[in-house]
Every structure is written in structure tokens, then in C-alpha cells.
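Participant: Sequence and computational prediction follow.
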Amino acid sequence: MATNLSTKTLELRNAEAFANSFSSEISYIFIGDSTPYLNDANSPPQMVQTPEVLSDVLNSMVALKKVTAGEVKLSVPRVDWTSDTKYMQFDNLAVTEQLIEGDASINTKPFYVMAPSTRNVYKCLSNGSGSISTVEPTGDYSTSNGVVDNTGSDGYVWKYMYNIRDSDQFVNSTFIPVPTRNYTDFTPSSDTVYGSYSIRNDTVVEGELTTIVVTHPGSGYRDFTNVRTFAFETTNTNTSDGKNRTIQVTGAFLSEVGLTIDQVASANMTVSGGASLFSDDTFIESVDTVRNKITLTKPVLANSDGSVSNTISLTTRIFVDGVTTASEPAEASAILGSSGAIQRANVTQFGSNYADKINVKVFGTATSNIANLRAVIPPFFGHGFDIGKDLFANSVVAVSKFGEIDSTEGGLVPSDFSFRQIGLIRNPYKYGVNTISSSSNTADGANTVVRQTTKVFVSSGVSYDDQEFVFQGDSSTDYTAGGFVHRIESATLLEVTQIQGELEVGKVLVGSNSGASRVITQIIDPEFEPKSADLLFVDNRNPITRTDGQAESVRLTIRF
């Protein structure tokens with residue numbers, strides 16, 4: 001069993017640092033490996049990291065395109081909201097992997113969704129004690145603190161996080177982008193909207209209380225909505241203030257339900273009913289088991305004639321006991337099941353500005369098998385303050401497109417070949433010079449394509465074959481230099497990749513399949529030393545065939 005832990009926050013901060021590094025580091029997305037897989041297989045082989053494998057990848061690059069900071073985004077796996085689905089709810093005691101991945105054992109999906117109708121991203125704060133979600137969340141920062149309350153329909157409570165516009169290039173079928181808030185200039189009351197993601201600071205509520213979890217349902221709790229009493233008046237000459245706080249329950253009612261007064265009522269249960277008979281937050285102070293009387297915490301507001309129309313309700317009370325500076329503390333009601341067990345606790349008034357020590361107490365008629373409840377503690381600064389941390393983001397998506405100028409990018413990337421690798425490199429060195437790439441010594445402006453093949457001019461003669469191995473030496477197994485024909489650009493011009501050794505002008509270049517034997521007359525080197533760069537990421541793909549008029553969107557997803 002592990003005794004140490006690398007947290008998701010470490011993964012997030014590493015991902016953020018990596019995304020931010022594109023502002024200062026020279027990085028390129030590449031396409032490469034134009035030679036077929038072994039045995040002409042289309043399925044990409046598994047990659048095992050060895051120095052030779054990494055060297056071969058760098059040596060197989062065909063073209064590169066600089067990646068700018070605007071083409072990189074923190075991301076999380078995409079989870080579309082779908083009806084009749086159960087979602088995990090945020091819980092400070094939940095196992096993080098289950099929040100992120102869901103829990104297959106109980107058929108539950110992750111705790112955040114993107115709503116298909118609006119492309120709003122929501123965090124699930126309450127799933128109605130494991131209910132099925134049937135109502136797509138709607139609403140944004142303009143709702144009450146960004147909280148979408150569907151407890152009246154399917155029992156769910158959602159927190160609006162942000163919106164993704166239709167034009168966002170970082171969305172695909174598997175990942176969605178995650179915006180980053182400006183933490184250095186954070187004013188919760190500000191109406192600032194961040195970027196294109198519709199985020200406002202005033203939706204972040206510190207100490208927000210929206211969810212209460214039943215950890216033990218208990219039993220024996222009862223709610224009564226038809227308690228008959230004798231007539232009572234607002235006045236009572238026996239009290240110091242002359243106001244009546246005492247009500248007597250009829251013996252007929254107790255006989256009908258077959259219970260004693262202490263089985264019906266107990267201290268701190270909620271009292272309500274009638275036509276404005278009681279003020280809000282009226283509870284039972286004490287129970288007189290001899291005279292079947294209850295004493296209230298507040299005086300009655302109106303007289304009762306004891307008729308059926310003036311029956312009262314005595315219900316189980318949930319009390320949130322915690323320190324808050326909010327004007328209105330959280331309130332909750334108990335939903336009872338069979339045997340008087342508390343099935344769930346509905347938060348009827350969301351609280352705010354609570355400290356992290358919150359006790360939830362239950363007041364009802366159970367005298368044994370007492371229920372236990374607890375409040376879900378939000379992140380320290382509130383839901384949505386650090387969205388990446390909220391959603392446990394640990395991925396970075398980088399996007400680029402080859403073929404934006406025209407399908408060949410001005411003749412640098414041919415439109416008649418297949419590539420099988422995409423990847424990311426950083427800080428390559430100029431070819432033949434001990435100088436690292438920089439904006440001052442190479443064409444690395446935004447959207448600039450760099451050719452990474454070697455152009456080889458040859459004398460007239462028999463044609464070489466596409467993709468064949470060409471070499472200088474005695475044979476294809478005994479050679480001083482060699483490589484693969486990437487494309488035949490003209491009768492006397494080849495593009496070669498995966499060069500081993502150093503091809504020489506004035507020497508014969510032999511084709512291992514075609515038998516062509518022609519003298520090299522000129523060599524134009526690639527932009528960068530093929531193996532000089534830091535290879536950060538590579539992905540083997542099924543062959544992608546370029547055609548005239550086609551542009552390829554290259555998308556890398558890098559997880560930390």
C-alpha cells in the first residue's frame with residue numbers, strides 16, 4: 001500500500017506550466033514517417049521508448065509548423081450530458097479517480113458535463129442521493145451565483161463553470177478546453193468576462209453550502225401534516241409577555257395514529273400549518289407527555305378554533321450548525337422513506353460564507369438508531385475559482401493545420417504522400433550550425449511551415465521508386481550512407497528522409513528496389529539538424545493520405 005501521493009494538483013500545475021511555456025519556448029508540431037509499417041500493416045505499432053526509437057522519429061520528420069501560445073489549451077475529457085444517466089456529485093470525501101472517471105460499479109458517470117444545447121460546462125454539486133438525471137442543466141453566471149437548482153425536477157444541483165463557443169478549435173469528440181481565471185486580479189464582485197468562455201468572478205462563492213449527504217439514514221422519524229389540536233389563542237395570561245406558546249394535541253388524534261405525544265413530537269421539530277398560525281423558524285421547545293402539550297420557541301400568530309382547517313404539521317428538522325457571515329444561513333428538509341429512515345436531505349436554501357467546520361443535526365421523534373448527516377465542504381475559495389483544479393485537469397491540447405496557405409504550403413509539403421506520425425519537438429538546432437533555433441535565425445513565425453526533408457539532385461537515368469531505400473556503398477546492407485525516398489519531385493530531384501550517415505555529392509546513389517544508379521549532383525539540407533531537437537511527444541497513427549486541395553488539422557493531446 002502506497003504511503004506517498006503525487007496529487008492531481010501537481011499534474012494540473014505541470015500541465016499549466018507546459019501550456020504557458022509555449023510563450024517563451026520554440027516548439028513545433030510535426031508530421032512524419034512516410035514509409036509503410038512493416039508488412040504493409042495499417043495499424044500503428046506500439047511504441048517503446050529507447051534512444052534509437054526516439055532518434056528514428058526525429059529522423060523521419062517531413063514537415064514542421066511552429067506552435068504559438070494561442071494554439072495550446074488546458075483540457076479535460078469531454079462528458080456530454082445525456083438524459084437518464086446518473087452522475088457523480090462533487091464531494092470532499094470522494095475518491096478523486098471516481099469523480100473524474102465515474103463509478104462503473106454503480107453505473108455512474110463523471111461529475112461534470114457539457115450541456116449539448118448550450119455548450120455550457122457544469123459541475124454536479126448534488127445528484128439527489130444517486131438519482132437519474134433527466135433534465136438538461138440550463139443557466140449560466142446570471143443565475144443565482146451560477147447555481148442551477150433542479151431539485152424540484154430530477155433532484156440535481158449544478159454549478160455553472162463556463163461556456164464553450166461553437167468556433168472553439170480545442171473542442172473535439174473526446175476533449176474540451178478549460179479556461180484559466182486571472183488569479184492575480186481576482187475580485188469576486190467583478191463583472192469581468194474572461195476571454196471567450198463567459199466566466200464572471202461574482203459566481204464564485206466562498207463557503208458555499210449546497211449539498212448535505214446522509215451517511216446513516218436512521219429510522220423511526222415521522223412527519224405529520226394533519227395534527228389536530230384543541231383551540232388556542234394568541235394570548236396567555238400565564239406568561240410574562242402575555243403571548244401563547246403552548247398547544248395541546250387532541251387525544252383523538254393520538255388514538256387514531258396509535259402513538260403517544262412524545263412519539264409524535266420532540267424538541268426542535270419544525271412546526272407549521274394553518275393560515276399564518278406560526279412565524280417562520282418556529283420549533284418545539286419542549287413536550288409535556290402528561291397533558292399532551294407542546295411548547296413552541298415562538299408565540300402563535302393567530303387564534304385557532306380547533307377545527308380540521310386549522311390542523312398543524314410537525315416535521316423532522318435538519319439544522320445546519322456552522323459559522324457563517326451570510327445574512328441567510330443554509331436550510332434543509334428531510335425526505336423520509338420506509339421505517340422513518342431519512343432517504344435524503346434537500347437543501348432548500350443554499351448557504352454561503354461557511355467555515356469548513358459544519359455540523360448537521362437532525363431533530364425528530366427517533367429515540368434510537370439516530371441518523372447521521374454531513375455537509376459537503378466546497379473548495380477553499382469556492383466552486384469555479386480555479387476551474388482546472390475543480391475539474392482535475394491534467395491534459396494539454398495543441399492544434400495546428402498543415403495546408404492553410406494551399407495544400408502544399410507553397411511547395412513545402414507534398415499533397416501526394418501518406419504520413420503515420422505526428423508529434424511535438426522543442427528547441428531544434430539549425431542544420432550544420434551549433435546554434436539553437438530562435439525567432440532571429442530561422443523562419444519560425446506563427447503558421448510558418450518548415451521543410452525537414454533532404455533535397456537530393458541526381459544525374460539523368462533510371463527512375464527511383466517511391467519509398468524505396470537508396471544508398472551509397474556496396475549494398476543495401478553494406479553502405480556508408482542511405483535513406484528513404486519520400487517523393488520524386490522531378491526527373492532529377494528526390495526528397496529523402498531517415499538519412500543515416502552523410503550522403504556525398506559526386507558519388508552514386510543506388511535504389512535498392514529500382515536498381516537505379518545515378519550520381520548526386522547537389523544536396524539541399526533540411527532546416528534543422530534532424531536529431532538535435534527535444535522530442536516531447538509522438539503518436540503513431542493509421543496512415544493519413546494527403547491529396548491536392550486538402551488541409552490536415554493535427555491535434556495532440558498530452559497528459560501529465
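Facilitator: Perfect, thanks for sending it. Residues are numbered from 1 along each chain as shown.
Participant: wait, doesn't residue 333 sit right on residue 343?
Facilitator: No - with contact defined as CB atoms under 8 Å, residue 333 does not reach residue 343; the gap is 11.5 Å. No exception for glycine: its C-beta is placed from N, CA and C like everyone else's.
Participant: between those two, which one's more packed in?
Facilitator: Using other CB atoms under 10 Å as the criterion, residue 333 and residue 343 rank with residue 333 on top: 16 against 13.
Participant: what separates the more buried one from residue 266, distance-wise?
Facilitator: Using CB to CB, to the nearest Å, residue 333 is found at 17 Å from residue 266.
Participant: Check residue 183 and give its pLDDT.
Facilitator: Per-residue confidence (pLDDT) for residue 183: 61.
Participant: Just the buried residues of the lengthiest helix in the chain, please?
Facilitator: The helix that spans the most residues within the chain, counting by DSSP state H, is helix 8-20. Judged by neighbour count (16 or more other CB atoms under 10 Å), helix 8-20 contains these buried residues: 8, 11, 12, 15, 16, 18, 19.
Participant: Of those residues, which is the nearest to residue 218?
Facilitator: Among the buried residues of helix 8-20, residue 8 lies closest to residue 218 (CB to CB), at 34.6 Å.
Participant: what residues are up against that closest one?
Facilitator: By CB atoms under 8 Å, 6 or more residues apart in numbering, the residues touching residue 8 are 96, 100, 392, 394.
Participant: Columns neighbour count and distance to residue 531 on top of those residues, output as JSON lines?
Facilitator: Below are those laid out as JSON lines (neighbours: other CB atoms under 10 Å; distance: CB to CB, whole Å):
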{"residue": "96", "neighbour count": "10", "distance to residue 531": "39"}
{"residue": "100", "neighbour count": "20", "distance to residue 531": "37"}
{"residue": "392", "neighbour count": "20", "distance to residue 531": "36"}
{"residue": "394", "neighbour count": "22", "distance to residue 531": "30"}
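Participant: helix/strand/coil for the residue of the chain most remote from its centre?
Facilitator: In the chain, residue 237 marks the outermost C-alpha relative to the chain mean, sitting 63.6 Å out by CA atoms, centre = their mean. Secondary structure, DSSP: H, G, I helix; E, B strand; the rest coil: residue 237 is coil.
Participant: Quick one: neighbours of residue 269, just the number.
Facilitator: 23.
Participant: Give me the nearest residue to it, chain neighbours excluded.
Facilitator: In this structure, residue 269 finds its nearest non-sequential neighbour in residue 284, 4.9 Å apart by CB to CB, 6 or more residues apart in numbering.
Participant: Beta-bridge partners for that neighbour, please?
Facilitator: Beta bridges link residue 284 to residue 296 when assigned by DSSP bridges.
Participant: State the distance from it to residue 3.
Facilitator: Distance from residue 284 to residue 3, by CB to CB: 50 Å.
Participant: the more surrounded of those two?
Facilitator: It is residue 284, of residue 284 and residue 3, that has more neighbours when counted by other CB under 10 Å, with 20 against 4.
Participant: Can you give me the distance of the more buried one to residue 244?
Facilitator: Relative to residue 244, residue 284 is positioned 14 Å away (CB to CB).
Participant: and what of residue 44?
Facilitator: 83 Å.
Participant: what about the two, which has more around it?
Facilitator: More crowded of residue 44 and residue 244, by other CB under 10 Å: residue 244, with 18 against 15.
Participant: Phi and psi next, for residue 426.
Facilitator: With angles defined as degrees, to the nearest 10, residue 426 sits at phi -140, psi 140.
Participant: for it, which residues make a bridge with it?
Facilitator: In this structure, residue 426 bridges to residue 27, residue 534 when assessed by DSSP bridges.
Participant: I'd say it and residue 536 touch.
Facilitator: Yes - counting by CB under 8 Å, residue 426 sits close enough to residue 536 to count as a contact (5.7 Å).
Participant: and for these two, which residues touch both?
Facilitator: Joint contacts of residue 426 and residue 536 (CB under 8 Å, 6+ apart) are residue 27.
Participant: Nearest to residue 161 among the buried residues of helix 8-20?
Facilitator: Nearest to residue 161 among the buried residues of helix 8-20 is residue 12, at 15.1 Å by CB to CB.
Participant: ok, now which ones touch the closest one?
Facilitator: Residue 12 sits next to 74, 388, 389, 392, 393, 394, 560 when contact means CB under 8 Å, 6+ apart.
Participant: That one and residue 177: what is the separation?
Facilitator: Taken as CB to CB, the span from residue 12 to residue 177 is 14 Å.
Participant: Could you check which helix or strand contains residue 383?
Facilitator: Using DSSP states H and E, residue 383 maps to neither a helix nor a strand.
Participant: wait, what's in contact with it?
Facilitator: Shown in contact with residue 383 (CB under 8 Å, 6+ apart): 90, 123, 125, 146, 159, 204, 205, 208, 390.
Participant: Apart from its neighbours in sequence, what residue is nearest residue 225?
Facilitator: In space, residue 225 is closest to residue 313, 4.5 Å off (CB to CB, 6+ apart).
Participant: and the one you found, how many neighbours?
Facilitator: 16.
Participant: Equivalent analysis for residue 109, please.
Facilitator: 20.
Participant: Could you report the pLDDT at it?
Facilitator: With respect to pLDDT, residue 109 has a value of 96.
Participant: and it, what does it touch?
Facilitator: Here residue 109 is in contact with 79, 85, 86, 87, 88, 102 (CB under 8 Å, 6+ apart).
Participant: Lowest-confidence entry in these?
Facilitator: Across these, no position has a lower pLDDT than residue 102, which has 93.
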